[in-house]
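Student: sequence below, structure please.
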Amino acid sequence: ILLLNRMFAKDVRVKSSSLLKQSERKKLKQKLLADWGERISLPEGESSAEDQITSLIPLKDPFHVRKVITSEDVSVTAYCNDQQVVVIEHPDIGLVPSLQTVWTVALQLLTFIVPSNVIGVLSRGADLMGPGILNLSSIQDFSSGQICLVSAHDKLAPQVVGITKMSMKELSKNEGNGKVMNVLHVVGDKLFRMSSNHEVPSNEDYLKLLATSPPGESYGDEAYMNQLGSDLSESCAVNDGTAVPEDAHSDTDKANDLFETPEDALQYCLLAGLKKGKNSYPILVSTFQVQYFLPSVPRGVSFDIKKSKFKKMMTFLKEYESQGLLELSVSDKDVYSIRNANLSHGLYRGFRMLETEEEPVDDTPEDSSYLDSFIFPEIVSTYFTTKAFITIFSKFQKGEALDASQVRSVVKEYVTEKGLVKAESPDLVELDPYLAQLVLTKQESDTHLSWQETYKRVFASLQTGHCIKYQNGDTVICKDGKNIPIVSITTATRRGNKAVTILGNLEKFGLDLKEFARSLRQVAACSASVSEDAGSKTKVVVLQGNHIKMLKKLFSERLKFPAKFLSFPK
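Tutor: Residues are numbered from 1 along each chain as shown. Alright, predicted model coming up:
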């Protein structure tokens with residue numbers, strides 16, 4: 001199992017790819033139904049789990065089987081439709097769904113909920129530890145070697161697929177400690193990039209897929225936050241999901257003498273949390289509680305909000321809102337956020353952190369959370385209708401952007417309507433004079449082409465560009481031919497013979513230049529600014545010093561940029 005940890009973290013190699021036979025498709029479909037049938041959520045309008053599986057494994061459209069060699073030199077089989085990797089088959093553990101499949105059919109497997117920043121820790125190769133699991137008390141049972149999912153506490157859609165390393169019984173014997181899960185597949189890894197959908201569904205969109213909420217779980221409401229506070233009040237897991245050291249509670253009685261009442265301890269943690277999170281507002285209350293409030297509990301201090309006069313977290317926060325310390329907001333789904341904190345309030349101005357408190361060790365720079373939240377946009381080839389193709393693409397306006405599937409659909413519809421495919425040769429397209437003029441050169445006199453060659457020539461004759469779909473849902477169409485957008489990273493020498501590193505074209509990938517520059521100041525420990533490039537008149541980020549080596553690692557490993565979208569000096 002050690003070899004399974006992050007199978008797709010580094011480059012993988014596709015050894016072979018071929019169409020899966022109809023008989024093999026049916027076998028795979030039956031196997032998935034047997035394994036997943038009872039775990040597929042059925043939204044309104046879906047008649048059965050079989051319908052959902054059929055949407056993933058079409059009997060007529062292309063469906064490929066690919067032999068993939070992972071970075072650990074393990075051979076796995078990937079089954080893929082036109083849009084995504086549906087499932088992989090590992091020789092030792094069997095079928096493993098891709099995250100896109102989990103989202104498509106709302107596959108409800110064993111799911112662990114963790115603080116949102118733990119997802120980033122898992123993506124960098126860590127195992128999931130018992131103290132980092134927020135919903136452990138609501139899980140009935142699980143066995144070792146079971147395929148499971150991991151969701152962030154503020155994001156319904158799973159972002160990690162893994163395999164359990166121990167059973168619930170073994171975990172209980174260890175008092176909730178130990179390595180619970182190996183990571184197999186995570187948002188942003190190479191398997192994830194093999195599918196066209198790179199956007200994690202929003203809570204609203206994912207709820208629409210679910211027939212019911214996952215049992216025992218609620219996201220964002222008071223019940224969930226109160227349960228979250230109860231689950232964590234004793235363990236006090238730090239941001240990276242690791243447990244507090246064993247000696248942390250050895251002086252509990254002495255540490256508890258710091259506060260006369262539970263209310264005093266709560267107030268201290270609130271003020272310390274507001275101070276640590278002062279650059280994060282607005283912030284979900286559940287996120288504030290996990291990332292700032294609970295880590296502010298001084299070592300050795302133990303308290304339970306249920307034993308205070310407030311009883312509930314929201315009652316506690318509303319009390320301090322009435323005192324003017326903070327401002328709360330609530331969405332139409334009763335999800336609470338801290339909109340702002342009044343840093344000029346008397347309680348805050350008179351507050352001092354305890355000298356006995358130790359900050360949790362975290363290798364992540366304080367202001368670099370923006371880097372971990374960035375998701376590389378989906379970039380797909382786009383084709384534009386031209387005057388020559390107006391007859392075939394009559395349903396579209398001249399210059400309208402189409403993706404590859406739309407082009408194939410229109411060509412197929414034209415060929416079918418014109419009767420250009422004969423029963424005796426269904427694999428060949430008969431070229432009528434109009435189609436022949438479009439796809440053949442003057443020297444060619446072919447009367448028939450294969451479907452694949454017909455599509456290939458139509459694509460080659462259309463004007464091309466790219467469609468960039470960002471994480472926030474925005475879409476940008478670029479009529480740039482076959483030239484893909486590329487981040488330009490160069491070095492230069494300024495006055496005083498000082499080297500600088502210049503990063504251009506970042507905005508095309510959805511990066512906020514000011515936030516990105518602010519994060520780079522922490523990561524590179526240097527001055528970083530946004531300025532205008534004198535030549536191109538576009539905005540660039542400028543770093544003091546030569547940081548090429550650091551940026552190569554940052555873009556490839558942390559921001560998950562494919563190499564083809566980066567240009568470094570040779």
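Student: which stretches in the stretch 251-400 of the chain count as helices?
Tutor: With DSSP state H, counting those that start in this stretch as the criterion, the stretch 251-400 of the chain has helices at 252-256, 262-276, 285-288, 313-322, 346-349, 369-373.
Student: just say which of these is most tucked in.
Tutor: When you average the neighbours per residue for each of these (mean count of other C-beta atoms under 10 Å), helix 285-288 leads with a mean of 24. C-beta: built from backbone N, CA, C; applies to glycine.
Student: quick check: phi and psi at the most centrally placed residue in the chain.
Tutor: Residue closest to the mean C-alpha point of the chain, counted by C-alpha atoms, centre = their mean, is Val187 at 4.2 Å. For Val187, the backbone dihedrals (degrees, to the nearest 10) come out as phi -50, psi 130.
Student: quick one: contacts for the nearest residue to it once chain neighbours are set aside?
Tutor: Spatial nearest neighbour of Val187, chain neighbours left out: Gln159 (4.5 Å); criterion: C-beta to C-beta, 6 or more residues apart in numbering. Going by C-beta atoms under 8 Å, 6 or more residues apart in numbering, Gln159 touches Leu99, Ile119, Val150, Ser151, Ala152, Val186, Val187, Val200.
Student: how about a cut-off of 10 Å?
Tutor: Residues in contact with Gln159 (C-beta atoms under 10 Å, 6 or more residues apart in numbering) are 99, 102-103, 114, 116, 119-120, 122-123, 149-152, 185-188, 192, 200.
Student: could you flag which of these are buried?
Tutor: For the contacts of Gln159, a neighbour count by 16 or more other C-beta atoms under 10 Å gives the buried set as 99, 102-103, 114, 116, 119-120, 122-123, 149-152, 185-188, 192, 200.
Student: now do the strands in the stretch 101-250 of the chain.
Tutor: 110-114, 128-129, 147-152, 160-164, 179-186 (DSSP state E, counting those that start in this stretch).
Student: same list (those strands) but as a markdown table, adding distance to Cys478.
Tutor: Shown next, in a markdown table, are the strands of the stretch 101-250 of the chain (distance: least, C-beta to C-beta, whole Å):
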| stretch | distance to Cys478 |
| --- | --- |
| strand 110-114 | 37 |
| strand 128-129 | 40 |
| strand 147-152 | 32 |
| strand 160-164 | 32 |
| strand 179-186 | 29 |
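Student: so which of the ones you listed comes closest to Asp432?
Tutor: Nearest to Asp432 among the strands of the stretch 101-250 of the chain is strand 179-186; the distance by C-beta to C-beta comes to 46.9 Å.
Student: got the CA coordinates for the closest one in CSV?
Tutor: C-alpha atoms of strand 179-186 as CSV (Å, rounded to 0.1, in the frame of the first residue of the first chain):
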residue,chain,number,x,y,z
LYS,A,179,-2.6,6.7,9.9
VAL,A,180,-6.2,6.1,8.8
MET,A,181,-5.9,6.5,5.0
ASN,A,182,-3.5,6.5,2.1
VAL,A,183,-4.1,9.1,-0.7
LEU,A,184,-4.7,7.5,-4.1
HIS,A,185,-6.0,10.5,-6.1
VAL,A,186,-6.5,14.2,-5.3
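Student: neighbouring strands for it, and are they parallel or not?
Tutor: Each strand paired with strand 179-186, and its direction, by DSSP bridges: strand 128-129 (antiparallel), strand 160-164 (antiparallel).
Student: nearest to Ala436, out of those?
Tutor: Of all the strands paired with strand 179-186, strand 160-164 sits nearest to Ala436, with 48.6 Å by C-beta to C-beta.
Student: and that closest one, how far from the chain's centre?
Tutor: Put simply, strand 160-164 sits 15 Å off its chain's centre (C-alpha atoms, centre = their mean, to the nearest Å).
Student: quick one: that strand to strand 147-152, angle?
Tutor: Relative orientation of strand 160-164 versus strand 147-152 (axes from the mean of the first three to the mean of the last three C-alpha atoms, to 10 degrees): 130 degrees.
Student: quick one: mean pLDDT for strand 160-164?
Tutor: Strand 160-164 carries an average pLDDT of 93.
Student: so which bits of stretch 159-178 are buried?
Tutor: By 16+ other C-beta under 10 Å, the buried positions in stretch 159-178 come out as 159-168, 171, 176, 178.
Student: let's have those in JSON lines, adding distance to Glu260.
Tutor: Putting the buried residues of stretch 159-178 into JSON lines (distance: C-beta to C-beta, whole Å) gives the following:
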{"residue": "Gln159", "distance to Glu260": "42"}
{"residue": "Val160", "distance to Glu260": "43"}
{"residue": "Val161", "distance to Glu260": "48"}
{"residue": "Gly162", "distance to Glu260": "44"}
{"residue": "Ile163", "distance to Glu260": "48"}
{"residue": "Thr164", "distance to Glu260": "44"}
{"residue": "Lys165", "distance to Glu260": "44"}
{"residue": "Met166", "distance to Glu260": "42"}
{"residue": "Ser167", "distance to Glu260": "44"}
{"residue": "Met168", "distance to Glu260": "40"}
{"residue": "Leu171", "distance to Glu260": "37"}
{"residue": "Gly176", "distance to Glu260": "31"}
{"residue": "Gly178", "distance to Glu260": "37"}
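Student: rewinding a little: and the helices of the stretch 251-400 of the chain as JSON lines, adding mean pLDDT and distance to Lys537?
Tutor: Formatted as JSON lines, those follow (pLDDT from 0 to 100; distance: least, C-beta to C-beta, whole Å):
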{"stretch": "helix 252-256", "mean pLDDT": "41", "distance to Lys537": "59"}
{"stretch": "helix 262-276", "mean pLDDT": "87", "distance to Lys537": "40"}
{"stretch": "helix 285-288", "mean pLDDT": "74", "distance to Lys537": "39"}
{"stretch": "helix 313-322", "mean pLDDT": "90", "distance to Lys537": "47"}
{"stretch": "helix 346-349", "mean pLDDT": "82", "distance to Lys537": "44"}
{"stretch": "helix 369-373", "mean pLDDT": "76", "distance to Lys537": "26"}
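Student: for Ala534, find the nearest of the ones you listed.
Tutor: Ala534 sits nearest to helix 369-373 of all the helices of the stretch 251-400 of the chain, at 27.3 Å, using C-beta to C-beta.
Student: for the closest one, the distance to its chain's centre please.
Tutor: Once both centres are worked out by C-alpha atoms, centre = their mean, helix 369-373 turns out to sit 12 Å from its chain's centre.
Student: got the contact list for that helix?
Tutor: Applying C-beta under 10 Å, 6+ apart, the external contacts of helix 369-373 come out as 116-117, 119-121, 123-124, 279-280, 291, 364-365, 471, 511-512, 514-516, 518-520, 522-523, 554, 558-559.
Student: try it again with 8 Å
Tutor: Contacts with helix 369-373, where a contact means C-beta under 8 Å, 6+ apart, come from 117, 120, 280, 364, 512, 515-516, 518-519, 523, 554, 558-559.
Student: ok, now which ones touch the nearest residue to Asp533 once chain neighbours are set aside?
Tutor: Distance criterion C-beta to C-beta, 6+ apart; nearest residue to Asp533, sequence neighbours excluded, is Val540 at 4.8 Å. Counting by C-beta under 8 Å, 6+ apart, Val540 makes contact with Ile502, Leu503, Gly504, Leu506, Val530, Ser531, Glu532, Asp533.
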